[in-house]
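**Student:** generate coordinates for the sequence data below:
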Amino acid sequence: MALFNVLAAIGVLVAIALDLLAGRSPIELPDLLAALGGERVPGVSFMLWEDRLPQAAVGVLAGAAFGASGAIFQRMLRNPLASPDVIGVGYGASAAAVTGMLLFGAQGIGLSLIACAGALAVALFIYAMADAGKHTGPRLILAGIAVAALLQALIQYLLTRTDVRTAGDALRWLTGSLSASTWERAGLLAAALAILMPLLVPAAAKLRILELGDDSAAGLGLAVRPARLGLILLGVGLTAVATAVTGPLAFVAFLAGPLAIRLCGGRSHLGSAALMGALLVVGANFIASNIVPNVELPVGVVTGALGAPFLIWVLVRTNKEGT
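**Tutor:** As a prediction, the model looks like this:
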């Protein structure tokens, strides 16, 4: 696990370096070093400090938040399908944000707060429907999928009832992108994660007990329902603050945890999932910027293309295993 964490951190740095040195509008190494050292290099300094580095910072922070959030849900519910973007939490943020954009003209911090509130409201609604004794996990997943379908329909309806330009802005946000990244947004995301990320330490301890089963966890003295609710709120908070800044980056939360477990030899750790999420986002950002000449794709297009085959593989495998 320690080796994976080191290699994942190096991978993040390599992906950022590739984007700077070999991506779109590549920067020469001497100019890059000079600009990083504080020297004013015409053209390069602005591109580096106002475009590339803010995107890299937001990508790393958002990817870590999505990865940790997905791992929390998947481990707590003991199901690889139980990620925020599958069970409706991400759609809660998206539906609230689209409503705010199209009906009230919300932008900036206001839009971020609306998205966070939407994710939290949907998560609590799903939890209230599912938490009625045993087998909360399967019911929560099914309720989340149903609510996600309802919210998708709401989003599509709102898009058909607005003008083309406003709908285009909403669609770009719904795709998930780092193109609007700024140092202000990176700072807001970093401040939120500075509060939420330390909570992963006690969360990991509770998850290890919950993985034994509700009855065993209760026998060990854990208050199961409050612990589960606290974990859900933490996972929702991580997803919401990231979605509020980047939009819904499809399948990052879904992919990060299982990939980290496999690459760690079956071991599970929230920190490893967070690093995997960061690597996925910055890697997808490099691919999105360079896969089509003269076209910069939204990052969400690439993460969605990576996640869809993995989702099919998970479904086929679980069907064969009867799980």
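
**Student:** so how far is Val12 from the residue sitting nearest the centre point of the chain?
**Tutor:** Geometric centre of the chain, nearest residue: Phe66, 2.7 Å, by Cα atoms, centre = their mean. Distance of Phe66 to Val12, given as Cβ to Cβ, to the nearest Å: 14 Å. From N, CA and C alone the C-beta is placed, and that goes for glycine too.

**Student:** residue ranges for the helices of the stretch 151-300 of the chain, please.
**Tutor:** 164-175, 183-196, 200-210, 214-219, 224-246, 252-263, 270-290, 299-321 (DSSP state H, counting those that start in this stretch).

**Student:** count of neighbours near Leu18?
**Tutor:** 15 (other Cβ atoms under 10 Å).

**Student:** where does Asp85 land in three-state SS?
**Tutor:** Of the three states, Asp85 takes coil under DSSP: H, G, I helix; E, B strand; the rest coil.

**Student:** read off the pLDDT value for it.
**Tutor:** On pLDDT, Asp85 comes in at 81.

**Student:** what of the one 4 residues further on?
**Tutor:** pLDDT recorded at Val89 is 86.

**Student:** could I get the contacting residues of Ala34?
**Tutor:** 41, 44 (Cβ atoms under 8 Å, 6 or more residues apart in numbering).

**Student:** if I look at it, how far off is Pro26?
**Tutor:** Ala34 is 15 Å from Pro26, by Cβ to Cβ.

**Student:** and for Leu150?
**Tutor:** For Leu150 relative to Pro26 (Cβ to Cβ), the value is 45 Å.

**Student:** same question, Leu13
**Tutor:** Distance from Leu13 to Pro26, by Cβ to Cβ: 17 Å.

**Student:** pLDDT below threshold where in the stretch 51-200 of the chain?
**Tutor:** 132-136 (pLDDT under 70).

**Student:** kindly recompute the last result at 80.
**Tutor:** 81, 105-109, 111, 130-138, 164-166, 168-169, 172-173 (pLDDT under 80).

**Student:** can you tell me the closest non-neighbouring residue to Ile87?
**Tutor:** Gly144 (2.8 Å; Cβ to Cβ, 6 or more residues apart in numbering).

**Student:** can you classify Leu81 by secondary structure?
**Tutor:** Three-state call for Leu81 (three-state DSSP): coil.

**Student:** and for the closest residue to Asp85 other than its chain neighbours, the neighbour number?
**Tutor:** In this structure, Asp85 finds its nearest non-sequential neighbour in Ala253, 5.4 Å apart by Cβ to Cβ, 6+ apart. Using other Cβ under 10 Å, Ala253 is surrounded by 37 other residues.

**Student:** wait, Ala253 sits on Pro84?
**Tutor:** Yes - contact between Ala253 and Pro84 holds when scored by Cβ atoms under 8 Å: they sit 5.0 Å apart.

**Student:** common neighbours of those two, please.
**Tutor:** Common neighbours of Ala253 and Pro84, using Cβ under 8 Å, 6+ apart, are 66, 69-70, 73, 90, 239.

**Student:** hmm, back to that, got the helices of the stretch 151-300 of the chain as TSV, with distance to Ala56 columns?
**Tutor:** Conversion of the helices of the stretch 151-300 of the chain to TSV gives the following (distance: least, Cβ to Cβ, whole Å):
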stretch	distance to Ala56
helix 164-175	19
helix 183-196	9
helix 200-210	22
helix 214-219	40
helix 224-246	13
helix 252-263	16
helix 270-290	6
helix 299-321	12
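
**Student:** to Val60, which of those helices lies closest?
**Tutor:** helix 270-290 (4.6 Å; Cβ to Cβ).

**Student:** chain center to that closest one: distance?
**Tutor:** Offset of helix 270-290 from its chain centre (Cα atoms, centre = their mean, to the nearest Å): 10 Å.

**Student:** pLDDT (mean, whole number) over that helix?
**Tutor:** 92.

**Student:** how about low-confidence regions in the stretch 201-323 of the chain?
**Tutor:** Along the stretch 201-323 of the chain, segments meeting pLDDT under 80 span 213-214, 265-268, 293-295, 311, 314-323.

**Student:** what do you get if the cut-off is 70, keeping everything else the same?
**Tutor:** The stretch 201-323 of the chain contains residues with pLDDT under 70 at 318-323.

**Student:** count the neighbours of Asp85 for me.
**Tutor:** Neighbour count of Asp85, defined by other Cβ under 10 Å: 29.

**Student:** hmm, Leu255 and it touching each other?
**Tutor:** No - in this structure, Asp85 is not within contact of Leu255 by Cβ under 8 Å, at 9.9 Å.

**Student:** which residues do the two both contact?
**Tutor:** Residues touching both Asp85 and Leu255 (Cβ under 8 Å, 6+ apart) are Gly70.

**Student:** show residues contacting stretch 138-146.
**Tutor:** 77, 79, 81-82, 86-89, 126-127, 129-132.

**Student:** distance between stretch 85-94 and the chain's centre?
**Tutor:** Using Cα atoms, centre = their mean, the offset of stretch 85-94 from its chain centre is 11 Å.

**Student:** for the residue lying closest to Phe254 once chain neighbours are set aside, what are its contacts?
**Tutor:** Using Cβ to Cβ, 6+ apart and skipping residues adjacent in sequence, the residue nearest Phe254 is Ser83, 3.9 Å away. Ser83 makes contact with 69-70, 73-74, 251, 253-254, 257 under the criterion Cβ under 8 Å, 6+ apart.

**Student:** right, I'll call it a day here.
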